[in-house]
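Asker: got a predicted structure here, sequence first:
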Amino acid sequence: MQDYLARLNPEQRRAVETLDGPLLVLAGAGTGKTRVLTARFAHILMTGQAAPGQVLGVTFTNKAAREMRERVAAILGRPVEGLWLGTFHSLGARILRRHADHVGLTSQFTIIDTDDQVRLIKQLLEAERVDTRRWQPQILTAAIQRWKDRGLTPQSITAADAADLAAGRAQTLYGAYQERLRTLNAADFGDLLLHTTEILRARPDVLEQYQRTFRYILVDEYQDTNVIQYLWLRLLAQRHRNICCVGDDDQSIYSWRGAEVENILRFERDFPGATVIRLEANYRSTPAILAAASGLIAHNQGRLGKTLRAGAAHASSEKVQVIATWDSDEEARVVAGQIERLRAEGHPLAEMAVLVRAGFQTRAFEERLINIGIPYRVVGGLRFYERQEIRDALAYFRAVVQPADDLAFERIINVPKRGLGEVALRALHDEARTRAVPLAEAAAALIADGRLKGRARQEAARLLRGLAQWRALLESEGHVVGAAAILDESGYVAMWQNDKAPDAPGRLENLKELLRALGEFETMTGFLDHVALVMENDEAGDADRVSLMTLHAAKGLEFDTVFLPGWEEGLFPNQRALDESGNKGLEEERRLAYVGLTRARRRVVVSYSANRRIYSSWQSNLPSRFIEELPAAEIELVGSVALAREARVGGPAMFPAQFPLLASRGKTVDVWERPARPAREKPVPVGARVFHQKFGYGTVRAADDDRLDITFDKAGEKRVLDRFVELVIA
DNA sequence: AGTGGGACGCTTTTT
DNA sequence: GCGTCCCACT
């Protein structure tokens, strides 16, 4: 009830109670940003300043939106109905569906994802006879996305914007792409905001309606907003000016996706008379971690300036460990060893995370963790909706719901194989283009006049009949029964049932999961929107596992112990970021490091290795400049880092061959020695049948103390520790 | 129509 | 080292 205010510190409380006028809350890492946002939300509702339907809450991720909804409900003691609370994109979609006709779409439009975009662009490039090897579709797709992020339409981009893209035809192609989307009755992510903004600008009546509705606007992660999001917000906020943006310029790490830190830096100019409140009391990390993070980020220029201070007393404050290793394999061993030791000391694995700069780095850790039998999960890998079978199934649903959805139709026309290959498809495309009709309609025409012959004709007719029947079935029987029928009668399920690949059963499981998820929605359209906009894996998260993820994926999370491997020049800061964006790139990398450090509550272990396996070859690296930027008083150098540091500070650029770390090979420091563990009570006999969590069943070939060489039935030869296998009683 | 081999090119990626 | 894409072959 009222005590949501009592739990706040004075600055947080001010941020919650300053309801009128523009407000910028600069919330450092771990300073209770979410608490403030949710308390403010609840405060507006509880004091009767606005009804739930008059508050607009905007986040970047669905997860953040969900959390906020739950926490507001918890404060109020009941679920809240009618809130406009969601991501920029979901809110954009919601508004756009109501006014789609203004931009030439129907309210049933499909939201396409990046994959579909690329395929579309590729087709357009080919139609324009642009060499897609030299001018990659992905590049143009990305460019168009960036334009949309900046609120630029095909008409408003400049020649300079479009130069060096798609053989100089980028502007035409962008226009053609938008036209194509309209024909397909589809919108990409960028359109959800671009179209909406266009409508708000062109239709004062519509704009006024929304401006009146939204008496209070709350924006999370404001430092990550791009131009179009900013324009969208400004339009909506103009009337009441009760806009509260919460963000941290030091955590802006998405400029490469169009985010503009400038939005936060110039808030006071854009909203004159704005109140600015700084949240600087950190309740998350130990003083050593805070000092290390602050010392590092102080190297950035052009900050709004915040200093984190410890908001709570800490019984102990371990220094930040910095570990040098010889190569990336050793680094993985060391980190995994520490994880193992911490676990043995009673720390839950769920409170540990390995945060890397680039996705490929997780592999070394995965291998090592598997080897020593520590459960882990990789956050943000292949997502559910990205899987082939899910995309296929969704394409079926889309093709049924929306006959004009050529992208979906094309995806399913020959899945399962129907003998409708490239030749048939080309004929369809020709017909569709000359008559400007969807592919499905073109197919019907070719069947009718006999231009499709034989098996192709038969199969195409069957598919079209199917689509029509399923459409009727969705109407009469509902989306769940309809969907199941589609997957079954199309032969799609049978296709996987007949597939002998080992992953086929899993795919069938995923399809079942998809149908189950579908059941939670009222309509097929609602479900398809959800899938297009909500891209997260619903993995069971309750098991005790170490988390492996990129630094980007870690933003907003916290753990007791955080491992930050790979702090090497070239990798982190990333060479490409430096090459492409110079000092700006470097500063963003530094913010990424800051984000990494501030994820930790109690313990940070930074590490780097002199040699790293990248793809197939080895590369030598210098330690990251960020290591030097950590205040010496807060860190503990392990191994020969001290040496390396002196050498590097002392001299100019250094060649890997001179690197003193080479001398550290073989040297081990006790921190990463494997802890003594109770041996297995009875040794595992050679020849025994055993079971291993990861590798399955196998036969023991040799035993050396607690290490077993096992030939697994599926996984082949492995050396594993005996405590990770179970004896199989035959 | 489907597949197998070689060339290529790889930072991050909330929607 | 691996996945993707294209072309050549069957």
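Answerer: Alright, I've got the coordinates.
Asker: A:P154 against A:Y174, yeah?
Answerer: Yes - with contact defined as C-beta atoms under 8 Å, A:P154 counts as touching A:Y174 (4.4 Å). Yep, even glycine has a C-beta here, placed from its N, CA and C like the rest.
Asker: who has more neighbours, these two?
Answerer: The neighbour comparison of A:P154 against A:Y174 (other C-beta atoms under 10 Å) goes to A:Y174, with 26 against 18.
Asker: helix or strand for A:E331, which one?
Answerer: helix A:328-344 (DSSP states H and E).
Asker: could I get the average pLDDT for that helix?
Answerer: For helix A:328-344, mean pLDDT rounds to 93.
Asker: contact partners for A:V322?
Answerer: A:V322 makes contacts with A:606-607, A:627, A:630, A:635-638, A:641, as judged by C-beta atoms under 8 Å, 6 or more residues apart in numbering.
Asker: quick one: secondary structure of it?
Answerer: At A:V322 the chain is in strand, as set by DSSP: H, G, I helix; E, B strand; the rest coil.
Asker: for the nearest residue to A:V480 once chain neighbours are set aside, give me the pLDDT.
Answerer: Leaving out its chain neighbours, the residue that sits closest to A:V480 by C-beta to C-beta, 6 or more residues apart in numbering is A:G519, at 5.1 Å. Model confidence at A:G519, given as pLDDT, is 86.
Asker: got it, and A:I729?
Answerer: For A:I729, pLDDT reads 55.
Asker: what does A:D542 give?
Answerer: Per-residue pLDDT puts A:D542 at 67.
Asker: burial check on the residue of the stretch 301-450 of chain A found nearest DNA strand C, number of neighbours?
Answerer: Using C-beta to the nearest atom of the strand, A:F360 is the residue of the stretch 301-450 of chain A that sits closest to DNA strand C, at 7.4 Å. Using other C-beta under 10 Å, A:F360 has 11 other residues around it.
Asker: and it, how far is that from DNA strand B?
Answerer: A:F360 sits at a distance of 6 Å from DNA strand B (criterion: C-beta to the nearest atom of the strand, to the nearest Å).
Asker: what of A:P573?
Answerer: Look at A:P573 and DNA strand B: by C-beta to the nearest atom of the strand, they are 8 Å apart.
Asker: ditto for A:A315
Answerer: Distance, A:A315 to DNA strand B, by C-beta to the nearest atom of the strand: 33 Å.
Asker: in what helix or strand does that residue lie?
Answerer: With DSSP H and E as the test, A:A315 turns up in no helix or strand.
Asker: can I assume A:I710 sits in a helix?
Answerer: No - under the criterion used here (three-state DSSP), A:I710 is strand, not part of a helix.
Asker: let me know the pLDDT of it.
Answerer: A:I710 is given a pLDDT of 75.
Asker: check which helix or strand covers the closest residue to it other than its chain neighbours.
Answerer: Leaving aside its sequence neighbours, A:I710 sits nearest to A:G698 (C-beta to C-beta, 6+ apart; 4.3 Å). Using DSSP H and E, the element containing A:G698 is strand A:696-704.
Asker: paired strands for that strand, with orientation please.
Answerer: Paired neighbours of strand A:696-704 in the sheet (DSSP bridges): strand A:689-692 (antiparallel), strand A:707-712 (antiparallel).
Asker: shaky segments in the stretch 351-500 of chain A?
Answerer: A:381-382 (pLDDT under 70).
Asker: who in it is up against DNA strand B?
Answerer: Contacts of the stretch 351-500 of chain A with DNA strand B, taken as C-beta under 7 Å from any atom of the strand, map to A:357-360, A:380, A:383, A:414, A:417, A:419-424, A:456.
Asker: what sits up against stretch A:117-128?
Answerer: Contacting residues not belonging to stretch A:117-128 are listed as A:112, A:132, A:135, A:137-138, A:140-141, A:144-145, A:166, A:169, A:172-173, A:176-177, A:180-181, A:188, A:407 [C-beta under 8 Å, 6+ apart].
Asker: picking that back up, C-terminal to the helix holding A:E331, what's the next element?
Answerer: strand A:352-356.
Asker: partner strands of that following strand and their direction?
Answerer: Strand A:352-356 has these strand partners (DSSP bridges): strand A:546-550 (parallel), strand A:559-564 (parallel).
Asker: could those go into CSV alongside mean pLDDT?
Answerer: Below are the strands paired with strand A:352-356 laid out as CSV (pLDDT from 0 to 100):
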stretch, mean pLDDT
strand A:546-550, 92
strand A:559-564, 96
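Asker: mind checking which of these is nearest DNA strand B?
Answerer: With C-beta to the nearest atom of the strand as the yardstick, what comes closest out of the strands paired with strand A:352-356 is strand A:546-550 (3.5 Å).
Asker: ok, residues contacting that closest one?
Answerer: A:339, A:349-350, A:352-359, A:362, A:365-366, A:369, A:374-380, A:557, A:559.
Asker: what's the first helix or strand after that strand?
Answerer: Taking DSSP H and E, what comes next after strand A:546-550 is helix A:551-554.
Asker: buried residues, that following helix. List them.
Answerer: In terms of neighbour count (16 or more other C-beta atoms under 10 Å), helix A:551-554 has its buried residues at A:551-554.
Asker: swap in stretch A:235-252?
Answerer: A:235-237, A:240, A:242-252.
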